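>>> Everything below, folded, please.
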Amino acid sequence: MSGNPDNSQFNDDELVPPAWLNSEFIADALGSHEEEPELKVIDLTLSPASAKGDHYASIMFRAKVKYTNAKGEFEKSLIVKTMPEEEGHKKELIGGSPIFETELGMYTKVLPEFERILRQAGDSTKLYVNCIYHSLAPHQVLIFEDLVEKGYFVLRDREATNDEIDRVLFKLAKWHAVSIKVQHEQPDFLAPYTHGLFEMPHVLTEPFMKTGMDFFVELLSKEPELNKYKPYFESIKGDFMERLLTEWNEARNNPKVDQYRVLCHGDLHLRNIMIKYRDPNCFEDCMLLDFQISNLFPLTFDLVYSIYMLFEPEHRFKHWDDFIDYYFFVLEDVLKRIGYKGEMPTQSVLWERLHQPKYYHFFLISTFLPLMWAMKDKSVEFGDLLQNEEKRRQCSFSTGYIKDVKRLLARLDLFGLLRD
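Residues are numbered from 1 along each chain as shown. The predicted structure is shown next:
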């Protein structure tokens, strides 16, 4: 087994695979999937599967496998996803949370049913990468086909284009549309999926969750063009997290099943997307990844998250409305084609609800968005940002982030969000 010689671009805990991830384990997993009990691995090379910043709540390896079975000799590339075993911040952060069980359920139960409904309507859209093996014990493991081998890639060296964002929203809208139908016809099917970001037991104790608003108010004080917004944010700073969690829990605990409550992805940022082109000028597909905090929630929370974590800065400034309108166009079209019989969502109500979780808007702008700006610098490590208060303060005062905040607060002020 060997890794990539340039280890600096990978997470430290993905440089050395766990001892149990060996030829025997891969042979058992592949043999079960291919129904070939005599399958033997003759060569296995393990390396990190993703770059720093692509993910945090798991560890992932690429397994290059040569093997034989009754039909001959073959080669395959697989992605092995498992939970952190080394003691440290990553393991502490996700400890006690059901994120692995959630993702396993998504791959083995929920998304197959969503695709079945699309196929019945003549829609061949692929919602998830094929999972060839899964286990909860003795190790939490998911094994997937390697999308890189199929021509997919993660955007790291440039910003996403308008068309690429459209394609992501196209797929998200289909996912949401099918989940609206499932909620209407099988209300118990998605009932277990209620663990989003703020239901993770240790997230709320993380220092980065508490300092974001403090740094944000400090920025408003120092930037003349933003001074006018300081009194409002100063007034809510002391109990901001309480306001945010009240808003979140009211949405979570609302028992009403309606046409705006869906299975949200929960973490739709650019590094959780892989893109494929047929040729340099012909887009073919995108694949949504990482369903660890997928949860039943108002669809607007997925859209708000996407605005700050998926859209590029110029998208937020110039194309915010166009992207959301396109999403709604696809949502409505798919609901009709899959035979949804409930009350249809409307564009006007969607826009009204998009502005309702205002403290969630504020949280993403003040706490998550500066981290996204910092990650544009490839020398920055995401885990280090989460744990280093001074580095977080620095990224809250970057030039690009300040320009973004000026545009965003002007828009939210226009829609009346900056007052109680």
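>>> my read is F297 is in a helix, agree?
No - using DSSP: H, G, I helix; E, B strand; the rest coil, the assignment for F297 is strand, not a helix.
>>> number of nearby residues for it?
22 (other CB atoms under 10 Å). Placement of C-beta: from N, CA and C, glycine included.
>>> and it, how far is that from V330?
When distance is defined by CB to CB, to the nearest Å, F297 is 19 Å away from V330.
>>> Same question for E85.
Distance from E85 to V330, by CB to CB: 41 Å.
>>> Looking at the two, which is more packed in?
The neighbour comparison of E85 against V330 (other CB under 10 Å) goes to V330, with 18 against 14.
>>> My guess is the more buried one contacts D166. True?
No - applying CB atoms under 8 Å as the test, V330 and D166 come out as separate, 9.2 Å apart.
>>> pLDDT below threshold where in this protein?
1-14, 51-57, 86-94, 378-380 (pLDDT under 70).
>>> Is the residue lying closest to Q259 once chain neighbours are set aside in a helix, a strand, or coil?
What sits nearest to Q259 in space, not counting adjacent residues and going by CB to CB, 6 or more residues apart in numbering, is P345, at 4.5 Å. Using three-state DSSP, the structure places P345 in coil.
>>> what's the spacing between P345 and F301?
From P345 across to F301, the span is 15 Å (CB to CB).
>>> again, but for I165
18 Å.
>>> For stretch 296-315, buried residues please.
296-313, 315 (16 or more other CB atoms under 10 Å).
>>> Would you mark the buried spots in the biggest helix by length in the chain?
Taking DSSP state H as the assignment, the helix of the chain that covers the most residues is helix 162-185. Neighbour counts over helix 162-185 (16+ other CB under 10 Å) mark 162, 164-184 as buried.
>>> which secondary structure elements does that helix contact?
Here helix 162-185 touches helix 111-120, strand 261-264, strand 273-279, strand 282-288, helix 299-309, helix 320-337, going by 3 or more CB pairs under 8 Å, 6 or more residues apart in numbering; DSSP states H and E.
>>> and the angle from it to strand 273-279?
Using axes from the mean of the first three to the mean of the last three CA atoms, to 10 degrees, the direction of helix 162-185 lies 120 degrees away from that of strand 273-279.
>>> And stretch 387-405, what's buried?
For stretch 387-405, by 16+ other CB under 10 Å, it's 387, 391-392, 395-396, 401-402, 404-405.
>>> Just list the residues touching the residue nearest the centre of the chain, thanks.
The centre of the chain sits closest to D267, judged by CA atoms, centre = their mean, with a distance of 2.7 Å. If you count contacts by CB atoms under 8 Å, 6 or more residues apart in numbering, D267 has them with 197, 290, 292-293, 305, 309.
>>> Mind putting these into TSV with distance to S235?
What follows is the contacts of D267, written out as TSV (distance: CB to CB, whole Å):
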residue	distance to S235
L197	25
D290	36
Q292	35
I293	31
Y305	25
M309	27
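>>> Can you pull the phi and psi angles for the residue of the chain most remote from its centre?
Farthest-out residue of the chain from its mean C-alpha position, per CA atoms, centre = their mean: A70, at 39.9 Å. As for A70, its main-chain torsions (degrees, to the nearest 10) stand at phi -60, psi -20.
>>> now it: how far from L385?
In terms of CB to CB, A70 sits 50 Å off from L385.
>>> Okay, now the sheet partners of the helix or strand harbouring K66, with direction.
Element membership of K66, judged by DSSP states H and E, is strand 59-69. In the sheet containing strand 59-69, its partner strands are strand 40-48 (antiparallel), strand 72-82 (antiparallel), by DSSP bridges.
>>> Could you list the buried residues of stretch 96-113?
97-100, 102-107, 110-111.
>>> per-domain residue ranges of the chain.
With domains defined by automatic domain parsing, the chain comprises 1-145, 150-414.
>>> Including distance to D420, could those domains go into a markdown table?
Output for these, formatted as a markdown table (distance: least, CB to CB, whole Å):
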| stretch | distance to D420 |
| --- | --- |
| domain 1-145 | 33 |
| domain 150-414 | 8 |
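>>> Can you say which of the helices and strands packed on helix 162-185 is nearest to R243?
Between R243 and the helices and strands packed on helix 162-185, the shortest gap by CB to CB is with helix 299-309, which sits at 15.6 Å.
>>> So which residues make contact with the closest one?
With CB under 8 Å, 6+ apart as the criterion, helix 299-309 contacts 168-169, 172, 176, 196, 251, 260-262, 264-270, 316, 320, 324, 327, 350, 353-354, 356-357, 360-361, 364-365, 368-369, 372.
>>> One more: stretch 275-284?
Taking CB under 8 Å, 6+ apart as the rule, stretch 275-284 contacts 147, 150-155, 163-164, 167, 285-287.
>>> That one: how far from the chain's middle?
Once both centres are worked out by CA atoms, centre = their mean, to the nearest Å, stretch 275-284 turns out to sit 22 Å from its chain's centre.
>>> do the same with stretch 265-280
Distance, centroid of stretch 265-280 to centroid of chain: 10 Å (CA atoms, centre = their mean).
>>> Name the residues of the strand holding K66 that are buried.
Burial within strand 59-69, assessed by neighbour count using 16+ other CB under 10 Å, is assigned to 59-65, 67, 69.
>>> May I ask which two of those are separated the most?
I59 and N69 (28.5 Å).
>>> Now the buried members of the contacts of helix 299-309.
Among those, those classed as buried by 16+ other CB under 10 Å are 168-169, 172, 176, 196, 251, 260-262, 264-270, 316, 320, 324, 327, 350, 353-354, 357, 360-361, 364-365, 368-369, 372.
>>> any idea how far the nearest residue to R353 once chain neighbours are set aside is from Y360?
Nearest residue to R353, sequence neighbours excluded (CB to CB, 6+ apart): T300, at 4.7 Å. Distance of T300 to Y360, computed by CB to CB: 9 Å.
>>> next one: L127
25 Å.
>>> can you give me the strands in the stretch 101-250 of the chain?
For the stretch 101-250 of the chain, applying DSSP state E, counting those that start in this stretch gives strands covering 131-135, 141-145, 152-153.
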